[in-house]
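# Show me how the following folds:
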Amino acid sequence: MKLAFEASFVDCDDAMGGDLLRVTFDTIPPHQDEDGRLTPYVSISRLFEFPGPATIEWHDGRDYDGGAEIVSIILMRSLALIRVDQGMEIEVMFRVPDKQYRRLTRFIRQMVGDRVVCRSQIPEPASRANRR
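Numbering: from 1, shown residues only. Now for the predicted structure:
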């Protein structure tokens, strides 16, 4: 099965001093009421306080699902291709500023480790000392 959509909202959140990381690709604004959801989203999270892999959940526009293991993520500048062990493929298109893309890349790498391949890198901005 394949889920493909364009995310209007991409959020990278951390809590508990960085022990909990979450990346959400969504079609509706954060904190919108979930009752009656008819549009897709994907959320990847990892709680580092306990051993175990990152978790993924999604809504395909009709129903919620999740609990699958992430097999791989290919992250490009405006596209995330996520494969999970239930035979599900998720393709998310998105647009974010460079700074947010760097944060997204860092969060996903921390959560899934060597199961992520980043195909486009945005260089870190030069420090103020190097700009002279």
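
# show me where the protein has strands.
Using DSSP state E, the strands found in the chain span residues 2-6, 9-15, 20-26, 41-47, 55-59, 64-68, 70-76, 79-84, 89-93, 116-118.

# Now do the same contact list for the spatially most central residue of the chain.
With distances taken as C-alpha atoms, centre = their mean, V23 lies nearest the centre of the chain, 4.0 Å away. The contact partners of V23, taken as C-beta atoms under 8 Å, 6 or more residues apart in numbering, are 10-13, 43-45, 104, 107-108, 111. Any C-beta I mention is one placed from the backbone N, CA and C, and that applies to glycine too.

# Just the buried residues of those.
10-12, 43-45, 104, 107-108, 111 (16 or more other C-beta atoms under 10 Å).

# picking that back up, which of the contacts of V23 lies at the shortest distance from R37?
S43 (12.5 Å; C-beta to C-beta).

# Could you report the pLDDT at the closest one?
Looking at S43, its pLDDT is 95.

# was I right about it contacting T24?
Yes: applying C-beta atoms under 8 Å, one finds S43 in contact with T24, separated by 4.6 Å.

# buried ones in the lowest-mean-pLDDT helix or strand in the chain?
One helix or strand of the chain scores below all others by mean pLDDT, DSSP states H and E: strand 116-118, with a mean of 79. Judged by neighbour count using 16+ other C-beta under 10 Å, the buried positions of strand 116-118 are 116, 118.

# Sheet partners, orientation included, of that strand?
Using DSSP bridges, strand 116-118 pairs in its sheet with strand 70-76 (parallel).

# I'd like to check the angle between the partner strand and strand 89-93, please.
20 degrees (axes from the mean of the first three to the mean of the last three C-alpha atoms, to 10 degrees).

# What lies in contact with strand 70-76?
44, 53-54, 56, 80-85, 104-105, 108, 112, 115-120.

# same thing but at 6 Å, please
54, 56, 81-85, 108, 112, 115-120 (C-beta atoms under 6 Å, 6 or more residues apart in numbering).

# can you pull the buried residues of that strand?
Under 16+ other C-beta under 10 Å, the buried positions of strand 70-76 are 70, 73, 75.
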